[in-house]
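Q: Dropping a prediction and its sequence here:
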Amino acid sequence: MTKRYIPLALAFLATPLAAHDQTKELLSEPSPGDYTAAQGAIAPVIDHLEKGDPKAAVDLISSSSKIFASKTNELNVLVSKVRTMYDIYGPVEKCVAIERDHASELRVKFAYLCQHREFLVRWDFTLDHVPERWIVSNFRFSDTY
């Protein structure tokens, strides 16, 4: 007789757990327009890289953020590292977008693969949506990816 009550008892125990399930959708997804606008903020940077002007690319990124712009010593070191990469691998011939991702509708990430004369280098950009515009909040490049 007790075997008949086991399924009923299990259903009773599972009901409160299901009622208290607080699973939330944590991420909001960017719209296609968000991706387009964010990529538009990167396009001039890519143009400068392809024209062989890494300082202008870094200056463009830093000009969109007061926080970036205030880091003059770090920016000078970064420009020096990008120039060294150009010295080693040659100028950028072209860059192509290879990945995009998001953390929310307010933060998107793009990866580009840039073809230098001697090697391929991956560039990763993180963009944040601040009131009325997208800014590059972080970027890096690597020849080991």
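A: Arrived safely, thanks for sending.
Q: Show the pLDDT at the residue nearest the centre of the chain.
A: Nearest to the mean C-alpha position of the chain, counting by C-alpha atoms, centre = their mean, stands residue 109 at 2.0 Å. Predicted confidence (pLDDT) for residue 109: 97.
Q: Please, which helix or strand holds it?
A: strand 107-116 (DSSP states H and E).
Q: What is the subsequent helix or strand relative to the worst-scoring helix or strand of the chain on mean pLDDT?
A: Within the chain, no helix or strand scores below helix 5-19, which has a mean of 47 by mean pLDDT, DSSP states H and E. Sequence-wise, the next helix or strand downstream of helix 5-19 (DSSP H and E) is helix 32-50.
Q: Any buried residues in that following helix, and which?
A: Residues 34-35, 37-39, 41-42, 45-46, 48-50 are the ones in helix 32-50 that count as buried (16 or more other C-beta atoms under 10 Å). (Glycine included, C-beta is placed from N, CA and C.)
Q: With stretch 108-122 instead?
A: Buried residues in stretch 108-122 (16+ other C-beta under 10 Å): 108-110, 112, 114-116, 121-122.
Q: rewinding a little: the strand holding residue 109 packs against which elements?
A: Here strand 107-116 touches helix 32-50, helix 72-89, strand 92-104, strand 120-130, strand 133-142, going by 3 or more C-beta pairs under 8 Å, 6 or more residues apart in numbering; DSSP states H and E.
Q: Nearest to residue 61, out of the ones you listed?
A: Closest to residue 61 of the helices and strands packed on strand 107-116, according to C-beta to C-beta: strand 133-142, at 4.6 Å.
Q: Tell me how far stretch 102-122 lies from the chain's centre.
A: Averaging C-alpha positions (C-alpha atoms, centre = their mean, to the nearest Å) puts stretch 102-122 8 Å from its chain's average.
Q: if I read this right, residue 37 contacts residue 134, doesn't it?
A: Yes: Residue 37 lies in contact with residue 134 (C-beta atoms under 8 Å); the separation is 5.6 Å.
Q: How many neighbouring residues does residue 123 have?
A: By the measure other C-beta atoms under 10 Å, the count of residues near residue 123 is 24.
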